[in-house]
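Q: give me a 3D structure for the following:
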Amino acid sequence: MGRFFLLVTCILLLLASCQTTETSQNKGGETVKEEWELSVSLEEEEDEWVVETEVSNPTSEDLVLTFPTSERIRVQLLNSKGAEIYNSSADKVFAQVIEDVLVEANTSASWTEHISAHEVKEDIDTLKVTVTATHWNGEEIPEAERALRMDWPDDFQ
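A: Below is the predicted model of the structure:
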């Protein structure tokens, strides 16, 4: 029960604080508000942790995310000194193809990463998840707006 409450709390905190809003001008010169919401949920299942990342498009316009490779999310675990102790991209090769992912208006796209608890030998302090898309609707996305950090739950060790 405590883990479920922690999970729900983490999701609500992330949804409340991780909305990205930018303003741009359309071809007619009007200011257009573009929004997307990035959320991360973390669950513990037997000998693994499951990280689900969701990009929501709450607007009435479609959102096109452009990825430079076949990698969609990068999950990193950091120790208390900020050093990386796990990277989901390590020792993997991704197809070097530019791909667009359509997130239609009022829908979302999600990706899941499974981490074996046996792979991580140090105490975890922070979870960092980065959506690897570099552009949305043709405009560059700053990395700070593509990444979320959250404290690692104490009872997940």
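Q: quick one: low-confidence residue ranges for this protein.
A: Filtered on pLDDT under 70, the chain yields the residue ranges 1-34, 157.
Q: which residues of it fall in helices?
A: 2-17 (DSSP state H).
Q: for the closest residue to Ser108 other than its chain neighbours, give me its contacts.
A: Nearest in space to Ser108, with sequence neighbours left out and distances taken as CB to CB, 6 or more residues apart in numbering, is Ser56 at 4.1 Å. Placement of C-beta: from N, CA and C, glycine included. Counting by CB atoms under 8 Å, 6 or more residues apart in numbering, Ser56 makes contact with Trp36, Glu37, Leu38, Ser39, Val103, Thr107, Ser108.
Q: in strands only, show me the residues you listed.
A: Among the contacts of Ser56, DSSP state E puts Trp36, Glu37, Leu38, Ser39, Val103, Thr107, Ser108 in strands.
Q: out of those, which are buried?
A: Neighbour counting by 16 or more other CB atoms under 10 Å classes Trp36, Glu37, Leu38, Ser39, Val103 among those as buried.
Q: mind giving me JSON lines with those residues and columns for distance to Thr112?
A: Below are these laid out as JSON lines (distance: CB to CB, whole Å):
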{"residue": "Trp36", "distance to Thr112": "19"}
{"residue": "Glu37", "distance to Thr112": "17"}
{"residue": "Leu38", "distance to Thr112": "15"}
{"residue": "Ser39", "distance to Thr112": "13"}
{"residue": "Val103", "distance to Thr112": "16"}
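Q: farthest-apart pair in those, please.
A: Spatially, the most separated pair among those is Ser39 and Val103, at 13.3 Å (CB to CB).
Q: how far does stretch 56-74 stretch from start to finish?
A: Using CA to CA, to the nearest Å, the end-to-end distance of stretch 56-74 comes to 18 Å.
Q: sorry, that was for stretch 101-108
A: 11 Å.
Q: now do the strands in the chain.
A: For the chain, applying DSSP E gives strands covering 19-25, 31-45, 48-57, 63-67, 73-78, 84-87, 99-103, 107-116, 126-131, 135-136, 139-140, 147-151.
Q: using a markdown table, lay out these together with distance to Val93.
A: Below are the strands of the chain laid out as a markdown table (distance: least, CB to CB, whole Å):
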| stretch | distance to Val93 |
| --- | --- |
| strand 19-25 | 29 |
| strand 31-45 | 25 |
| strand 48-57 | 21 |
| strand 63-67 | 15 |
| strand 73-78 | 14 |
| strand 84-87 | 14 |
| strand 99-103 | 16 |
| strand 107-116 | 17 |
| strand 126-131 | 18 |
| strand 135-136 | 22 |
| strand 139-140 | 25 |
| strand 147-151 | 22 |
